[in-house]
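Asker: Provide a 3D model corresponding to the input given below.
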Amino acid sequence: MLKTAGKGADEDLALYRLMLKIRLAEERIVAIYPTDKIQSPIHLSIGQEAVAAGVCMALAAGDHIHGTYRGHGIYIAKGGDLGRMFAELYGKDAGCAGGKGGSMHLAAQSVGLVGCSAIVAGLIPVATGDALAARMQGSSRVVCSFFGDGAVDEGVFFESVNFAVLKGLPIVYVCENNGYAIHSRVADRHKQDKLFRLAEGLGLRGRRYDGNDARTVFKTMSRAVAAARRGAAPVLLEYMTSRWHEHVGPGTDFQEAYRHPKDRANAAKNDPIRKMAARLKRRGLSAGRLEAVAAEIRRDVDRAVAFAEESPFPPIERLHADLYAESR
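Answerer: Residues are numbered from 1 along each chain as shown. Just a heads-up that it's a prediction; the model follows:
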């Protein structure tokens, strides 16, 4: 039993479970990928789990999130079915996008993940439109637009936040800043390294936080969501984190020239899962209990992979289904 009982302890354990589920699922993807069973490119969020877990746990079931091609983490954290995610990676009919979207186009609309996109910044205006729809419908729904640091280089980012501020929309913009837009450092692209400040001239308030601390992410996102639900102006939350793997693919690339020499050491030091495990141990959770949690999640991942393996590919007659409207 946790020595420090109560809501905070329960939240920490829930955050730990979400982060570990993302980590173990993605580690299994790394193991499977060389077999060519996975039918699409993959963008891993290993090392960045705290942002996905903290952001999604702060959202209500009816709130919407719009993500990026690095979307495994938010899919899992928002409650997407793990078996359907693996089936999608395999290109199977039971996948969350019918096997046609692959890793970069995950969706779980039943739990509020409207979708992910391979187009950098492509869903920022879509999320903004979703927030406008919520306002027009009189809904209590809050929308989260989730993107990486490279997305703030795009014109639609500025166009969207200007519109959201002008209309006072119920949206929280979340920038997951891992320091690199593919291979370009933030300093190579901006004189202003605090990206949340880039849209201040448009009236978008923002703050930067430690994205390797799931508790910090959860608390700050919870405040932003509550404020948005009360009708407050949109905000931009910038979470600093670390990408452990190459931009696309299962390998690591800390040795590459574009990487900062300290990246590997910082990644190990700031591992969000180790941080939360240490916090839970201080609260009285035993190492045995933590391993039991991990064993339970591994079984969930095993079942999800087995489901994907056993599921059929889409039949040929579904080749064009959902792609266009047939002429009548």
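Asker: could you check which helix or strand contains the residue nearest in space to the middle of the chain?
Answerer: Note on the chain: the residue nearest the mean C-alpha position is residue 74, at 3.2 Å, using Cα atoms, centre = their mean. Residue 74 belongs to helix 72-77 when elements are defined using DSSP states H and E.
Asker: gap between that helix and the chain center?
Answerer: 5 Å (Cα atoms, centre = their mean, to the nearest Å).
Asker: what helices and strands are in contact with that helix?
Answerer: Packed against helix 72-77 by the contact rule (3 or more Cβ pairs under 8 Å, 6 or more residues apart in numbering; DSSP states H and E) you find helix 7-32, helix 49-57, strand 64-68, helix 82-89, strand 113-117. In this view, the C-beta of every residue, glycine as well, is placed from N, C-alpha and C.
Asker: what about it, average pLDDT?
Answerer: Mean pLDDT, helix 72-77: 98.
Asker: surely residue 253 and residue 245 touch.
Answerer: Yes: with contact defined as Cβ atoms under 8 Å, residue 253 reaches residue 245; the gap is 7.4 Å.
Asker: quick one: residues in contact with the helix holding residue 74.
Answerer: With contacts defined as Cβ atoms under 8 Å, 6 or more residues apart in numbering, helix 72-77 is touched by 18, 21-22, 25-26, 29, 42, 44-45, 48-49, 51-53, 55-57, 65, 67, 82, 85, 96, 103, 106, 108, 113, 116, 146.
Asker: same check, this time on stretch 37-46
Answerer: 22-23, 26-27, 29-30, 32-33, 52, 68-73, 89-91, 99, 102-104, 243-245, 247-250, 309.
Asker: and if we set it to 6 Å?
Answerer: 26, 32, 69-70, 72-73, 89-91, 102-103, 244-245, 248 (Cβ atoms under 6 Å, 6 or more residues apart in numbering).
Asker: can you measure across it, start residue to end residue?
Answerer: One end of stretch 37-46 to the other measures 20 Å (Cα to Cα, to the nearest Å).
Asker: same check on stretch 100-118?
Answerer: First-to-last residue span, stretch 100-118, Cα to Cα: 13 Å.
Asker: now that stretch: buried residues?
Answerer: Taking 16 or more other Cβ atoms under 10 Å as the neighbour-count basis, stretch 100-118 is seen to contain the buried residues 100-108, 111-118.
Asker: do the same with stretch 200-208
Answerer: Result for stretch 200-208 [16+ other Cβ under 10 Å]: buried residues 204, 205, 206, 208.
Asker: for stretch 130-137, same thing?
Answerer: 130, 131, 132, 134, 135.
Asker: what is the burial count for the closest residue to residue 293 other than its chain neighbours?
Answerer: Leaving aside its sequence neighbours, residue 293 sits nearest to residue 17 (Cβ to Cβ, 6 or more residues apart in numbering; 6.2 Å). Using other Cβ atoms under 10 Å, residue 17 has 17 other residues around it.
Asker: OK, contacts around residue 202?
Answerer: Residue 202 sits next to 161, 162, 165 when contact means Cβ under 6 Å, 6+ apart.
Asker: and if you look at residue 307?
Answerer: The contact partners of residue 307, by Cβ under 6 Å, 6+ apart, come to residue 83.
Asker: give me the distance between it and residue 18.
Answerer: Noted for residue 307: a distance of 20 Å to residue 18, by Cβ to Cβ, to the nearest Å.
Asker: now, the contacts of residue 202 that are in helices?
Answerer: Residues of those located in helices (DSSP state H): 161, 162, 165.
Asker: so which of the helices and strands packed on helix 72-77 is the most packed in?
Answerer: Mean neighbour count (mean count of other Cβ atoms under 10 Å) peaks for helix 49-57 among the helices and strands packed on helix 72-77, with a mean of 29.
Asker: which elements pack onto that helix?
Answerer: Judged by 3 or more Cβ pairs under 6 Å, 6 or more residues apart in numbering; DSSP states H and E, helix 49-57 is in contact with helix 7-32, helix 72-77, helix 214-229.
Asker: pull the distance from the longest one to the chain's centre.
Answerer: In terms of Cα atoms, centre = their mean, the gap separating the centre of helix 7-32 from the centre of its chain is 12 Å.
Asker: then stretch 136-151?
Answerer: In terms of Cα atoms, centre = their mean, the centre of stretch 136-151 is set 13 Å apart from its chain centre.
Asker: who are the contact partners of residue 108?
Answerer: 75, 80, 96.
Asker: neighbours around the last one, how many?
Answerer: This points to residue 96. Neighbour number of residue 96 under other Cβ under 10 Å is 24.
Asker: what helix or strand is residue 292 on?
Answerer: helix 287-310.
Asker: sketch out the low-pLDDT regions of the stretch 1-150 of the chain for me.
Answerer: 1-6 (pLDDT under 70).
Asker: where does the nearest residue to residue 314 once chain neighbours are set aside land in three-state SS?
Answerer: Distances taken as Cβ to Cβ, 6+ apart put residue 93 closest to residue 314, at 4.2 Å, once the chain neighbours are dropped. The three-state assignment at residue 93 reads coil, by DSSP: H, G, I helix; E, B strand; the rest coil.
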